[in-house]
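In: Predicted structure and sequence below. I'll ask about it afterward.
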Amino acid sequence: MNQEKTPRETYVRVKDKAGNEFICPIDALTNVEEATEEQLDECVDNGVTGRFAGNIPIQKS
């Protein structure tokens, strides 16, 4: 059985001004170094991902 792999979204780790770390879809950000509050709405707090973080393809910045 031939299963096609669906493309996976790429994520990056970013920090807000308070130093909290988030995992964000790279397409949701205009600047990886400075995410706005509106862009962070598309992200997940790093603490929420917990044990599933290994399943998330994170690009190193």
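Out: Arrived safely, thanks for sending. Residues are numbered from 1 along each chain as shown.

In: show me the contacts for the spatially most central residue of the chain.
Out: Note on the chain: the residue nearest the mean C-alpha position is Cys24, at 2.5 Å, using C-alpha atoms, centre = their mean. Cys24 makes contacts with 11-14, 35, 39-40, 42-44, as judged by C-beta atoms under 8 Å, 6 or more residues apart in numbering. To be clear about C-beta, it is placed using only N, CA and C from the backbone, and glycine gets the same treatment.

In: tell me which residues in the helix or strand bottoming out on mean pLDDT in the chain are buried?
Out: The weakest-scoring helix or strand in the chain, judged by mean pLDDT, DSSP states H and E, is helix 46-49 (a mean of 82). For helix 46-49, a neighbour-count test (16 or more other C-beta atoms under 10 Å) marks Thr49 as buried.

In: for it, packing partners?
Out: strand 21-25 (3 or more C-beta pairs under 8 Å, 6 or more residues apart in numbering; DSSP states H and E).

In: Could you list the paired strands of the strand it packs on along with their orientation?
Out: strand 11-15 (antiparallel), strand 44-45 (antiparallel) (DSSP bridges).

In: So which of these is nearest Ile56?
Out: Among those, the nearest to Ile56 by C-beta to C-beta is strand 11-15 (5.5 Å).

In: which stretches of the chain have low pLDDT?
Out: Where the chain drops to pLDDT under 70, the residues are 1-7, 51-55, 61.

In: cutoff 80 now
Out: Applying pLDDT under 80 to the chain flags the ranges 1-8, 49-61.

In: hang on, the earlier thing: buried ones among the contacts of Cys24?
Out: 11-14, 35, 39-40, 43.

In: re the thing from before, could you export the strands paired with strand 21-25 as TSV, including distance to Leu29?
Out: Output for the strands paired with strand 21-25, formatted as TSV (distance: least, C-beta to C-beta, whole Å):
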stretch	distance to Leu29
strand 11-15	7
strand 44-45	13
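
In: nearest residue to Glu37 other than its sequence neighbours?
Out: For Glu37, ignoring the flanking residues on the chain, the nearest one in space by C-beta to C-beta, 6 or more residues apart in numbering is Asp16 at 7.8 Å.

In: my guess is the one you found contacts Glu38, does it?
Out: No - Asp16 lies out of contact with Glu38 (C-beta atoms under 8 Å); the separation is 12.0 Å.
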